[in-house]
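Asker: Sequence isn't available, so here's the structure alone:
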């Protein structure tokens, strides 16, 4: 099994410019992501960036990085660009979010394991049980419903399913909800195909890129995790991450 991890890292960010270079306890965020990814069962971990400052920084701490176009509309497109530049052949490509400095290697390995099957999936991602009403009703934490074999049927920022017979305050008592964790895995041939798809109606409505793939007939297999991570999107998130590090 030849699995490669690619970490898209963009310098520009509306809420937190220069996010990959933010200091977290003496290491940059991107350095922590790389360190976590290297503990997983990956043959190679590469940062895909559009910025020379990030490229230089990654190489300085001993990481591998490639410079991609600044015009890519998504991390998926940036990953395909990087993969082509590397000139290698892999069984699966793992998209590791560059703003998840505490990603668990076991979560990466759970996706890699799916591609070791006799019939590997086209695409794969992680899901996690919803444990609180705050999670369930937060539009920032997409939910997902699955078929009996564990393939995603639909993703939404709204809780799914809607329980007509129960009050929303009781929904968690009557159904096991799942939320989406934004770690993706692709077969290389499928990655090439999905980067050529135009934005879809469902994707634009929910602002969730994975709906484009479902709408075009691709299947997304899921693996379940109970491990929590800390995503960094705002200055407040940075402070929470620094506080977490002091408690470890």
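Answerer: Alright, I've got the coordinates. This structure is a prediction, so every number in the text was calculated from the model and none was measured.

Asker: my guess is residue 126 is in a strand, correct?
Answerer: Yes: judged by DSSP: H, G, I helix; E, B strand; the rest coil, residue 126 forms part of a strand.

Asker: which residues touch the nearest residue to it once chain neighbours are set aside?
Answerer: Using Cβ to Cβ, 6 or more residues apart in numbering and skipping residues adjacent in sequence, the residue nearest residue 126 is residue 181, 3.9 Å away. Where C-beta positions appear, they are placed from N, C-alpha and C, glycine not excepted. The neighbours of residue 181, taking Cβ atoms under 8 Å, 6 or more residues apart in numbering as the test, are 107, 125-128, 225, 229.

Asker: Just the buried residues of stretch 110-121, please?
Answerer: 110-112, 114-115, 120-121 (16 or more other Cβ atoms under 10 Å).

Asker: hang on, the earlier thing: using a markdown table, lay out the contacts of residue 181 together with distance to residue 206, pLDDT and neighbour count.
Answerer: As requested, these are exported to a markdown table (distance: Cβ to Cβ, whole Å; pLDDT from 0 to 100; neighbours: other Cβ atoms under 10 Å):
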| residue | distance to residue 206 | pLDDT | neighbour count |
| --- | --- | --- | --- |
| 107 | 23 | 97 | 21 |
| 125 | 15 | 98 | 23 |
| 126 | 18 | 97 | 23 |
| 127 | 16 | 97 | 21 |
| 128 | 19 | 97 | 20 |
| 225 | 22 | 96 | 18 |
| 229 | 22 | 83 | 19 |
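
Asker: Closest to residue 141 out of those?
Answerer: Nearest to residue 141 among the contacts of residue 181: residue 128, at 9.4 Å, using Cβ to Cβ.

Asker: That closest one reaches residue 179, doesn't it?
Answerer: Yes: here residue 128 reaches residue 179: they are 5.6 Å apart, a contact under Cβ atoms under 8 Å.

Asker: Next, the residue of the chain most remote from its centre: phi, psi?
Answerer: Residue farthest from the centre of the chain, counting by Cα atoms, centre = their mean, is residue 165 at 33.9 Å. Dihedral angles of residue 165 (phi, psi; degrees, to the nearest 10) stand at phi -90, psi 0.

Asker: OK, contacts around the residue nearest to residue 132 when sequence neighbours are not counted?
Answerer: What sits nearest to residue 132 in space, not counting adjacent residues and going by Cβ to Cβ, 6+ apart, is residue 172, at 7.8 Å. Counting by Cβ under 8 Å, 6+ apart, residue 172 makes contact with 130, 132-133, 136.

Asker: For the chain, which segments are assigned as helices?
Answerer: 29-38, 52-60, 75-86, 105-114, 133-137, 171-174, 188-194, 201-206, 210-215, 235-247 (DSSP state H).

Asker: thinking again about what came up before, of the contacts of residue 181, closest to residue 218?
Answerer: Nearest to residue 218 out of the contacts of residue 181 is residue 125 (Cβ to Cβ; 11.7 Å).

Asker: Mean confidence (pLDDT) on the longest strand seen in the chain, please.
Answerer: Ranked by residue count under DSSP state E, the longest strand found in the chain is strand 178-186. The average pLDDT within strand 178-186 is 96.

Asker: nearest to residue 20, of the helices of the chain?
Answerer: helix 29-38 (3.9 Å).

Asker: tilt between that closest one and helix 105-114?
Answerer: With axes from the mean of the first three to the mean of the last three Cα atoms, to 10 degrees defining the directions, helix 29-38 sits at 50 degrees from helix 105-114.
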